[in-house]
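Student: model this:
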Amino acid sequence: MRRRGVAGITASPTMVGALTVMVVILAVFLAYNANNGLPFVPTYRISVDVPDADLLVPTNEVRVGGVRVGVIESIEPQQDEDGKVSARLDLKLDKDVDPLPVDSTFVVRARSALGLKYLEIDQGTSDKGYRAGAVVPISHARPKPVEIDQVLSTFDAPTRQAIQANLFEFGNALAGRGPALNEALGKLPSVLEHLQPVTENLSAPDTGLARFVTSLAATAREVAPVAEVQARLFVDLDTTFTSLARVARPFIQDTISESPPTLEAGINDLPVIRPFLAHSTALFNQLDPAVRTLAATAPPLSDTIQVGIPALRASPELNREVASTAQALQRFNDDDGVRSGLSQLKNTVGITKPLFKFVAPAQTVCNYGTLLFRNFSSAVAQGANGGRWQRITVFEPPTGPNNEGSLASGPADGGSSDVDNFLHFNPYPNTAAPGQPFECEAGNEPYATGQQVIGNPPGNQGTVTADQPGAETTTTEEGQ
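Tutor: Modelled structure (predicted):
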């Protein structure tokens with residue numbers, strides 16, 4: 001009987017069509033409401049007041065720590081008693097978020113380069129929470145992040161065209177070289193591993209690096225009066241390289257070709273000679289008491305002789321190489337071009353010393369060099385079989401007088417507009433260089449709400465940046 005009932009349903013075109021229509025209607029209904037959440041699922045609804053809901057639309061996501069926890073159900077404009085206009089966002093959140101701590105904050109962030117936005121919630125730690133239907137005041141909304149187009153708009157047209165040309169050429173230079181870059185980055189940790197003992201040695205008090213740097217500074221002060229002579233360095237370099245070109249073959253070529261076997265002989269012989277020299281030192285120190293200590297020194301002497309025999313047997317090969325090497329070095333030393341080059345090298349050290357004096361703290365204190373390569377690697381980390389591309393995000397410029405998205409008669413200072421349109425620009429941040437406060441200011445500037453800040457912000461921002469021991473963040477939330 002059961003098989004005949006099923007066969008009766010499938011045999012009826014009307015029943016099959018009706019079931020098909022019902023399934024399609026159900027699928028369309030679920031698809032249409034997918035962005036608003038599945039029906040009949042419990043939700044947690046609250047409202048949030050924000051200063052600006054530009055480019056936000058209903059069904060935009062709400063995230064906590066990058067995880068989707070709900071959607072924006074509706075957006076309504078609000079006008080305060082003082083005339084200021086804001087926006088109220090009605091949120092439909094998962095029940096897992098209920099209750100949201102009362103010290104939570106909200107910020108509108110960009111999701112893609114095409115202008116898609118989402119609302120991010122930074123959950124607080126308070127024991128108290130908002131009940132369903134509560135309205136979060138506008139004081140818990142944080143300023144919107146600075147968009148990339150605002151940053152790019154700070155440059156004039158020639159600078160932007162030059163940046164565009166540079167990015168185009170960088171893309172051509174990196175195209176198809178992904179494996180080579182990956183290989184270089186893969187070998188970088190081993191290089192840094194060997195660099196660590198070098199830096200520890202340089203930072204040790206016995207090394208006297210501080211005294212060396214101070215001496216270099218004194219030397220730079222001494223050669224400062226001859227700045228015009230130093231300015232001719234680049235002109236004289238042409239003479240130096242011309243002279244080197246005359247002796248490149250065969251003299252410099254022979255020196256380079258003969259250096260590997262010389263170094264190889266040294267690598268093989270010097271470890272063998274070292275025990276001999278050590279025992280010889282012990283021998284002469286113990287000969288001072290003369291014969292009375294001879295019995296005690298007999299065993300070390302025996303060991304010295306046994307170790308010295310293979311060293312002496314290997315020394316003729318070293319001696320043969322030393323003669324030709326010494327002759328090549330003598331010819332190299334007697335050349336006038338080499339002498340002139342060494343003199344110009346001394347001037348080069350004097351010229352570049354002030355540069356390194358200011359550039360070095362940016363890496364040794366602020367770690368900016370490492371962050372530059374890390375961020376550059378991240379910017380081109382995505383791609384396809386044909387190469388890598390650079391990731392950028394396009395941002396909407398602010399409105400108001402003198403905004404960065406249009407012609408301006410001066411830096412944006414808010415003017416008479418109610419829009420939060422203030423220029424924050426720090427062209428020369430402090431990097432703990434000589435004469436500057438000991439701070440790593442770039443990337444750590446606090447965001448001053450409602451005021452214009454051009455140049456160094458007040459206060460000391462400290463020296464904590466990313467990838468340093470104990471560092472948890474590179475900037476404050478307001479400075480992002």
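Student: which stretches in the stretch 51-200 of the chain count as strands?
Tutor: Listed from the start of the chain, the stretch 51-200 of the chain has strands (DSSP state E, counting those that start in this stretch) covering 61-64, 67-79, 85-94, 100-101, 105-110, 117-122, 129-130, 135-136.
Student: same check, this time on the stretch 251-400 of the chain
Tutor: When assigned using DSSP E, counting those that start in this stretch, the strands of the stretch 251-400 of the chain occupy the ranges 382-384, 387-389.
Student: so how far is the last one from its chain's centroid?
Tutor: Taking C-alpha atoms, centre = their mean, to the nearest Å, one finds the center of strand 387-389 at 19 Å from the center of the full chain.
Student: quick one: mean pLDDT for the helix or strand just after it?
Tutor: Following the chain from strand 387-389 toward its C-terminal end, the next helix or strand by DSSP states H and E is strand 424-425. Confidence over strand 424-425, taken as the mean pLDDT, stands at 87.
Student: after strand 424-425, next one along is what?
Tutor: As assigned by DSSP H and E, the chain's next helix or strand after strand 424-425 is strand 453-454.
Student: helices and strands around that next one, which ones?
Tutor: Applying 3 or more C-beta pairs under 8 Å, 6 or more residues apart in numbering; DSSP states H and E, one finds that strand 453-454 makes contact with strand 424-425. C-beta: built from backbone N, CA, C; applies to glycine.
Student: the strand it packs on pairs with which strands?
Tutor: Strand partners for strand 424-425, identified by DSSP bridges, are recorded as strand 453-454 (parallel).
Student: okay, now the unreliable bits of the chain?
Tutor: Flagging of the chain using pLDDT under 70 yields the residue ranges 1-12, 14-19, 21, 24-41, 113-115, 144-152, 288, 290-294, 415-419, 469-480.
Student: what's the domain layout of it?
Tutor: Domain segmentation of the chain under automatic domain parsing yields 2-32, 43-144, 192-362.
Student: what about the helices in this protein?
Tutor: For the chain, the helices defined by DSSP state H cover 2-10, 13-32, 148-152, 157-174, 178-203, 209-223, 227-231, 233-246, 253-286, 294-334, 336-364, 368-379.
Student: in terms of secondary structure, what does the fifth one contact?
Tutor: This means helix 178-203. Counting contacts by 3+ C-beta pairs under 8 Å, 6+ apart, the secondary-structure elements packed against helix 178-203 are strand 387-389.
Student: need the residues that contact the strand it packs on.
Tutor: Counting by C-beta atoms under 8 Å, 6 or more residues apart in numbering, strand 387-389 makes contact with 171, 174, 175, 176, 177, 178, 181, 380, 381, 382, 383, all of which sit outside it.
Student: for residue 134, grab phi and psi.
Tutor: With angles defined as degrees, to the nearest 10, residue 134 sits at phi -70, psi 160.
Student: list the residues that contact the closest residue to it other than its chain neighbours.
Tutor: If you skip the residues right next to it in sequence, residue 134 has residue 46 as its closest partner in space, 5.3 Å away by C-beta to C-beta, 6 or more residues apart in numbering. Residues counted as contacts of residue 46 (C-beta under 8 Å, 6+ apart) are 91, 93, 100, 130, 132, 133, 134, 135, 136.
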